[in-house]
Structure formats: structure tokens, C-alpha cells
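Undergrad: take this sequence and fold it.
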Amino acid sequence: MYSSREGQQWFSNDTISTNRRYFARGINTESSKHQLRGIINTLKHATKTLPIEQQLVKFSEIPKTLDETPIPDIIHGTLLFFAERFKDCDHNVIRRCILKILKDSEKHISQNSQSSELEQTIRKIFFLLENQSNDPIARALTLRCLGYMSVLLIERLDIQHGILQRLDSSVEIEANAAIFAADKLCSKTEKFSALAYEKFVTLLQASHVSLAFKTKLVRIFRHMHWDINLARKTRIICLQLLEQCSDDEFVLTILKTLTFLSNRALVDRTDQINLLIKYAQNDPRGHVKTSSLAYLTNIAPKDLTFEISHILILLSIVTSAKELNVKAKALCVLTILFQQTRLLCEIASIDTEQETRLEVLHYIQQCEDLIQDKVIEINVITVKLMSVIIIESKRIESISNILISPEWETYFSELSKRIAELILSNTNQLIEFISINQTERDKYIKLMQEYLKCLFSICLSDNNLIKDTSKMIINILQEYIDISYDDVFAQLSKFLLKISEYKESIIQEFREDIFFFMKSEELINMTNSFTMLAKTVLKARPENVTQAKEFKESFMERINQFGNFQDGRYTQNQWNIYLIGLEAGKSGCFSIMGAIVTNFVNEVDVEAHRFWLRALSNASNAEQMILENIEGIQMQLDLFDEGVKFYSKCDTELSGLMSLIDNSGVRVFGKWFCQLRARFFSTMKLILAQLNFLSSRAPKLLDPDVVNINESLILLARMHDFVAHSFLDIDAESLAILESYQICCLVLAYAIQCLLIPSFQKEEYINPMLLPLIRLAHRDENDSILSGQYNDMNSRKNKVQYVLRARCVEVLRSIEKCRTSGTSNNTATQLSQFVLFILSVPINLPPFFFENKQGTHLKWSKVPALGWSQSGSRVSSTAVSDKEKVVIKLEGVVQLSKKLAKKHLKSIQFIIFGSKTDIFEFDEFEETLQGNFKFSDLALAYKGKNIKQKDTSEANYVATTIVPLINNYFATTALVQFPMDSDGTGFLNIHTRIVDDKNIVWTIGPDLIISSPSEYQNNQYI
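TA: As a prediction, this is how the structure comes out:
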């Protein structure tokens, strides 16, 4: 960053303070130039002193370094070093290693494709080709290196011509390398594709060129999609080549090339489908048929040009083909096509010709018979097809304007139950096969897994079928208990677990059966199966407090038996019991989680484990205290303080854990969740206290108590939303849990606004999140659409979300009735009951709470000069006046976690606002929910200019800039006014927001606070 006055600039140095109040996590503690110097020195030392084998080891570590530190300066310098080494070395083995480095660094090269810094690197790599090296292997390696750097060669006509010339090489490895480089270039640029097209055609039509070379060269045609005319000319040439040569590999290569071209160019799609179906139906070679059908699977998911005639041909292939591979591939294509509801609608519609409808139905019934085929692999693929037809038929039935023909309606009505019975019958057979033939055990277990996946998808939308199927699964478990095959039983147990996640009420009916089954000695010896069934039972926990205590005692009795509990400790299956304890927390069974983790605290020897287990114990104590005392908590509000203390202890234990883990630069969801729940308990205590008071008297006009609790609820709802969108890696279930409590807070605030604040003293506001629920509340309670919405919510994976939202709809309906009738008797009491209901629903600890892996975060590539000495004392600087504008350079990368490695991010937004005083009271605000929320809140308020300045010491809005992310890298500058107090003190506050490919905004952090500079140096940015 530098001053707008010429010559005065701010710079980074390597001896900045590590006072974290002014040093955001994730910023490198050394400059990129210093890091690059270290990397180059290490590589030079290896080159001079180590033998070639050890040099290769050192070189091969570089791609990982670039992944960890994807900063342009480091990438440019490192690649330039390797280019020089490639040019000057005498060993092709080193060149091969450098080729591998360029391959692994291709994404970094693309990220820096607009930079002129890589020009020297290209020149040095091209040197061997440009100067006609006598070594053909070196030339071939050069061509392949240029291929991986092709994104930099789009405007380099000299290099492009050099690559094309090498296609005529008589040395096979060099010609093949030229094909590789040309292929890479064609994928990047339209100009080169058009330039090279005639050259490719000439070579493909030349009689002196070998068929093997043509087979490799023709693959490049898949990139001729830039222009419709070019794509069509390419297709004509390929079809001519197809007629001229019948070689198996050449034919398959052309078919595959045309398929890719059709997908990209979006032209001649129907022609390509017909071509592939022709080869699949008529070609005498089995592998050509199979490959043609495989290429159809690439078109099928994206294409809307398939017709009923194509379906009929594919069905005829399934029923008539003798080759099992052909039959299997045709079934796969049909499975993909029937996922398009459109096709099944057309087939089953009464508007379709009866002859066609009956013909397809006849074929489908023949396919259904394949489920009992002797070849089990065909059975499984057929089951997948039938499960897709069942799912899509349910969808068609929900479309009101589609009239289904009588024969198809009858077929659909009976299909689910019949297929489910066939699947269970085949599952029984597989278990018998396993007991007889142990050599193919793994194969049969995988097939069983596929069967049960299909069975689950079939059952999910039919409660009666789920009930019958679950009962049959339990019967199978009981019938075959004597064989004690844990891996087999685990598959069946997993099915019940999946059902319990979506249909808790169904599993409630079988809880006692499963409980009884868990007592058997055989099951206790089957570790994985027992664990699955224990997790299943936890999903079906009783809601009554007394029943919950009895449930805990019975459950822990079985757990103690499973773990051989002796002398206060588990002596076997400890890991599985720990996993069961975590599942108890995720299922809201906090007494069970607390009992299990407490038994482990004194057993573990690792300090980090003790911190984690104590954190879980405190979290379970906090939630359990509220649940056990819910009936009297309205009169014992001090219990909320105890819950807050337990969550504070949990937060402290997690801080201890993080101090032992190298997790710097990353926010910890567990800590923020503890702080959020503590805030939730405190707010609920405040609300119940005020509602207790209000229930004894009528609220006054503009009653401050009413206004305060309304504002507290809105603030709490916003904090839930902030936490939900501060972690890009967060899973959907954790998001749903936070969203459910956010909606509860908004509904409660809306109720207070409508019922306790007089209409003439308020501006009525409805949060957009409430609109779908308000629409449901306006419907009659017996409305079929309302029932459908409830069923849809109930079939999702989060029971808490369904229960809370259903109650929110009831509250909104009550609000409308009160407003319509004009009466609001006992409003405070009714609202208190709603609060107690929210508290009585055990929260499922979010699955993300249990993840401590490094998540996605911002990595700044430069270190700001923070204006603090080594001891952390303030250094005055009056060289920049408070009216003077400065330029700040922001550069870095969004470091994606492994989980989101392929996620596309669109842009990053910076909101920069200044203050003459430190606006934070927290020493380590970046680790606290309150500090980050306040920071974000202020930034958004200043961005929208929705804040009033009370004095000159408060923050003022400075600048906003939005920067596109190129391979997650950003670099920008912003002109800002640096605020300065009379003693030279001032702060720039930089808030960051990420926008993903779905236009969802995330505040992943870390944000920055920069204080005034202490020193100046020319020609440097921070």
C-alpha cells in the first residue's frame, strides 16, 4: 500500500508484531519474496550438492508447496527456476521430473495466465525446440511441457507453428508429443483449432501416415467445437473416415470423438444418437456394441432429443442381446434416460398411441423378469432401472395435467411392492450364497449393498412400504443371526439406520424389537452391526422425560455389555462406543452422550483427547439440564445461567484443544456454536422473564420491555444466519439445524410485533424467510397441499427441523386468528408456551460440530505493516494526514479444503471502513462469534450507509470493491481515506465476503484490521 503522494509508501517487513489483536489468522508471517528466496536456495543447494536421485526427491516436493502457498510471486519464481534447469541440464530424467512438476502445477499456470512474469519461463522451455536440439527425447519432453503450459501460448504463433511442424517428425515419440501439445492447445483456443484443422485433415487423409498415428490424431477433433461450421466440417470428415476404415480401435475412437464433439458443440445431437444406436444394434463386434452404448451414457444425462423410438430400440437390445456386457450397458442407458420424467410421461400418457404404449410396457415387463435372472450382476442393474421407473412414476402421479393410460396406471400401482419383495428375496439368496461360497463373499456383499440402496429409494415415499420392508429386514436379521456374519448384517443394519434418519416414526414402532435383538450374544460379537443398530435406536428416542430416563438405562445396559464394562471402564469396542456416543449427541440423546464420554475422560492418555471429551461432556450437560427441568424452568430461570456456564466450559475446552492443534487461520465451528447456544439460553431467559412479567399486566404503549425482547430475538436470528454462512464447508444438515432455530426466533419476534406492540406504533416488517410458512399458515389445517408440505418436511433428514417448523406454522396460524378476531387474551402466556416448546425439543448437535479438520479460509499473500513495535506498544505516525487518500493492495487466495477442492467460487467482495479508535474490545476478536458478528454487522451497515455517526471517533464507510476469483486467486487495489487521530492513531477495517457459484454469500474470514504505519519505504506494497 502506498500514499497518493509520490515516493511515500507503506511496506511489509519480516519483524511485525504477532499481537493477534492486529494480526489476522491466515496471513503469512513472512513476505512472499522471503519465502521464494528460501525455496530457490533449497533447490539450488540440492542441484549443486545432491546426486540426481535425491534432486528428484526434492523437486517432486514443489507441487505440494505451491498448493499450500499459491502466491503468484512464488509460482513465477519457482517455475522460472525449473525452466532454466530444463534448458541447461544434461539428463532427460531431470527433464521428465520437471515435466511432472508442470503437469501437477497446471492449475497454478492457468491461474497466472494473464501474467507477463511467465514469459521468460516459456522462452526457456521452448529453447530446445527453437534451436533444433539433436536429442529427440528432449524435444518430445519439451513439446509435452508446452502442452501443460498451453494456456500461455494462445497468442504465441511462433510456438504454435513449431508444434505443428513436429507433427511431421519421423521420430514416433516426438510426433506423439506434438499431438499431445496440439490437443492441449486446441482445448484452449479457437484460433489454433482453426489454424491447425487443415493440417490435421491432410495427415488423416494421407496414405503414408500409419493407422496408429491417425487414431491418436483424430482424438483432437473433439475440441473443434468453437464454431458450428467447424464442428460440422469435422463431423463430415470423421464420418468419411468411419466408412473408409473398419479397424476396431479406429472406429471406437471416432465414435467417442464425435460424441464429445456433439456434447460440446450442441449440434447434430440426434444424428449422433442415431449413429451410436445403429452401431449398438447392428455391429457384429460385441465390444463395439458395448462401447457405443457407453458413449450414449455420456449423452443421455444432458440430452432432450431422445425419443420413444430410441427407448424401444434400447429395450429390444436388453431383451434380445446375448452378450451380458451389451445387455448391462443398455440397461444403464435406459436407467439414465428414465430419470428424465419427460420420457416416461410421454410413454405412459393416454395421448400416446396405444400400440406404442403396450409395446414399451411389454418390454418393461420382460426387463422386470431379469431381476430373477441367473446372472446376479444383471439382476442388480435391472433393479436400478425399475427403482428409477418407480420414483419417476410417483413424480408423474403428482403432475395434475398428465393423464396416465389405464394399463400403465395399473402397472405403476403394483410395481413398488412387487420390486421390494423381489429385492428382499434376492437378498435372502445372497446371504445363502455367502454362507455356501466364501470365495466370492466381497462380490456378493457389494451386490447386496446395491440392492438395499435401490430398496431404500423405492420405499422412501411410501410409509406403508417402509413399515413392511423394515419388518422384513428385522425378520431376516433374526432368521440368520446364527451365521454371525458381521459384514453381511452391517448392510441390513445400515438400511434400518438410513430409514431412521428420514422416517423416525416408523422406527419408533420397531424400537422394542431392535432393543430385544441387541441383547443377543451373537449380535454383541458383531461390532459393526451392533453399532449401526444402536445408532438406529437413538434416532427413535422417546420424547417423554420419564420414558427417556428408562430408555437411557436400558440402552446403557446394552452398551456396557457391548463394551464389557468393568471397574468403571470399557475393556472392548471402545471406538465403536465412542461413535455411538457422538451419534447420541447428533440425535439429541444428551444423557447417553454424557454418560459415554464421561466414562472415557479418565481413560485417555492424550491431552487433546481429554480436552475434546470434556467439551462434549459440558455440551451434553448444558442441553440435558434444560431438558430435564423443562416443566419448571419458567419459575427457575437461574437454570439458564447454569446452561450458559456449561457451554462456556465447553468453549474453554475447545480452546485448549485448538492450542494443541496446528489449525491457525481457521475459524472453529464448535467454539462459535457454544457461544451461539450460550447466547440462545441467555435470550430465552430474558424473554421468559419479560413474558412472565407481562402476563401479569397489560403492556403499555411503546413498552421498552417488549421492544427489547423483540430486538434481542431479531439479533439472535441474525447471529444464527451469520454462523451458518461463516463456514463454506458446512454440511446441509448443520445448515438446516441453524436455520430452524433462526426461523423460531423470527416467528417469536413476529408474534411479539403483531400481538404485543400496538399497530399504530410500529412499522410492520415480515422477514422473507417467514413467507413460505405464512403461506402454509393461511391454508386450512386439512388442506391436502399443507399435508403434502408436512409430509415433505417429515421425509427429510432432520426431524428437529420438521418439528420446529410445524410448530412455527401453528403459531403463525394463531397470530392470524388473533389479528382477524381482534382478540389477544393471554398472549404473553401463549408466547411463553411456544418458548418452552422450542426448549423442549432436543437439539441435534450439528454434524459439523464434530469436524476439526482445516476448512476453507482466506490466505493473504502479503503482510500489512501494522504499526506496532516488537513489544506491541503503539508507534505514532503522523506522516499521513486524515484527509489524505492511500492505495491499499489486497492479494491472496481462497484456500479450499479437500472436501470442496472442485467447488467453483465467483468473486470476493471487500468492504473497507476506517475508524480513529479501535472499535473492538476483544483481544482475539477473530476467534469469537461476537467480535466477528459485530465486525460484519458494522461493515454491512456502512456499506449500505445505514448507520449514524455520533462522533468523529466512530467508524466511517470508506470503500467497497468486488473482484472476480480466477482459480480462487484475487488481486486488487482500493483507494481509501485512512482515518487519523491527533496522536497519529487510525485503523482500516477490511471485511471479506465470498460469492459461490450459486450466488450464496459466505463470510469465511479472516478479516483484517490495519493500524497506521510506523515506517515507509519506496516501491513496495503490503
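
Undergrad: scan the chain for its longest helix.
TA: Longest helix in the chain by number of residues, with DSSP state H as the criterion: helix 406-436.

Undergrad: tell me which other helices or strands it touches.
TA: helix 341-348, helix 354-369, helix 376-397, helix 441-459, helix 463-479, helix 486-502 (3 or more Cβ pairs under 8 Å, 6 or more residues apart in numbering; DSSP states H and E). Just so you know, the C-beta spots here come from the backbone N, C-alpha and C atoms, and that holds for glycine as well.

Undergrad: so which bits of that helix are buried?
TA: 408, 411-412, 415-416, 419-420, 422-424, 426-427, 430-431, 433-434 (16 or more other Cβ atoms under 10 Å).

Undergrad: make a markdown table from the helices and strands packed on helix 406-436 and add distance to His45, mean pLDDT and mean neighbour count to it.
TA: Shown next, in a markdown table, are these (distance: least, Cβ to Cβ, whole Å; pLDDT from 0 to 100; neighbours: other Cβ atoms under 10 Å):
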| stretch | distance to His45 | mean pLDDT | mean neighbour count |
| --- | --- | --- | --- |
| helix 341-348 | 64 | 89 | 19 |
| helix 354-369 | 67 | 92 | 16 |
| helix 376-397 | 57 | 90 | 20 |
| helix 441-459 | 49 | 91 | 19 |
| helix 463-479 | 64 | 89 | 17 |
| helix 486-502 | 52 | 90 | 21 |
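
Undergrad: closest one to Val326 among those helices?
TA: Smallest distance to Val326 across those (Cβ to Cβ): 11.1 Å, for helix 376-397.

Undergrad: quick one: contacts of whichever strand or helix holds Val201?
TA: Element membership for Val201 (DSSP states H and E) is helix 190-205. Helix 190-205 is contacted from outside by 154, 160, 164, 167, 182, 185-186, 209, 213-214, 217-218, 220-221, 223-224, 226-227, 230, 233-234, 237, 241, using Cβ atoms under 8 Å, 6 or more residues apart in numbering.

Undergrad: okay, Ala231 and Ser187: tell me how far apart.
TA: 14 Å (Cβ to Cβ, to the nearest Å).

Undergrad: scratch that, Ile1004 is what I was asking about
TA: Using Cβ to Cβ, which is the criterion applied here, Ile1004 is 32 Å from Ser187.

Undergrad: of those two, which one has the most company?
TA: Higher neighbour count among Ile1004 and Ser187: Ile1004, with 23 against 16, using other Cβ atoms under 10 Å.

Undergrad: so for that one, what's the pLDDT?
TA: pLDDT, Ile1004: 85.

Undergrad: check contacts around the residue nearest to Leu477 when sequence neighbours are not counted.
TA: Computed as Cβ to Cβ, 6 or more residues apart in numbering, the closest residue to Leu477 that is not its neighbour in sequence is Leu492, at 5.7 Å. Taking Cβ under 8 Å, 6+ apart, we find Leu492 in contact with Thr427, Leu452, Ile473, Ile476, Leu477, Ser529.

Undergrad: can you give me the helices in the stretch 701-850 of the chain?
TA: 704-724, 732-755, 771-777, 784-794, 799-821, 827-840 (DSSP state H, counting those that start in this stretch).

Undergrad: weakest of these in terms of mean pLDDT?
TA: helix 784-794 (a mean of 48).

Undergrad: surely Thr234 meets Phe221?
TA: Yes - applying Cβ atoms under 8 Å, one finds Thr234 in contact with Phe221, separated by 4.9 Å.

Undergrad: helices or strands next to whichever strand or helix holds Asn989 in the packing?
TA: Following DSSP H and E, one finds Asn989 within strand 987-996. Using 3+ Cβ pairs under 8 Å, 6+ apart, the elements in contact with strand 987-996 are strand 885-895, strand 905-915, helix 929-943, strand 1001-1002, strand 1008-1011.

Undergrad: quick one: buried residues of the longest one?
TA: Think helix 929-943. Buried, per 16+ other Cβ under 10 Å, within helix 929-943: 929-939, 941-943.

Undergrad: chain center to that helix: distance?
TA: Its chain's C-alpha centre and that of helix 929-943 lie 26 Å apart, by Cα atoms, centre = their mean, to the nearest Å.

Undergrad: just checking, next helix/strand downstream of it?
TA: strand 956-964.

Undergrad: now do that following strand and strand 905-915, the angle between them.
TA: Between strand 956-964 and strand 905-915, the angle comes out at 160 degrees (axes from the mean of the first three to the mean of the last three Cα atoms, to 10 degrees).

Undergrad: buried ones in strand 956-964, by neighbour count?
TA: Residues Tyr957, Val958, Ala959, Thr960, Thr961, Val963 are the ones in strand 956-964 that count as buried (16+ other Cβ under 10 Å).
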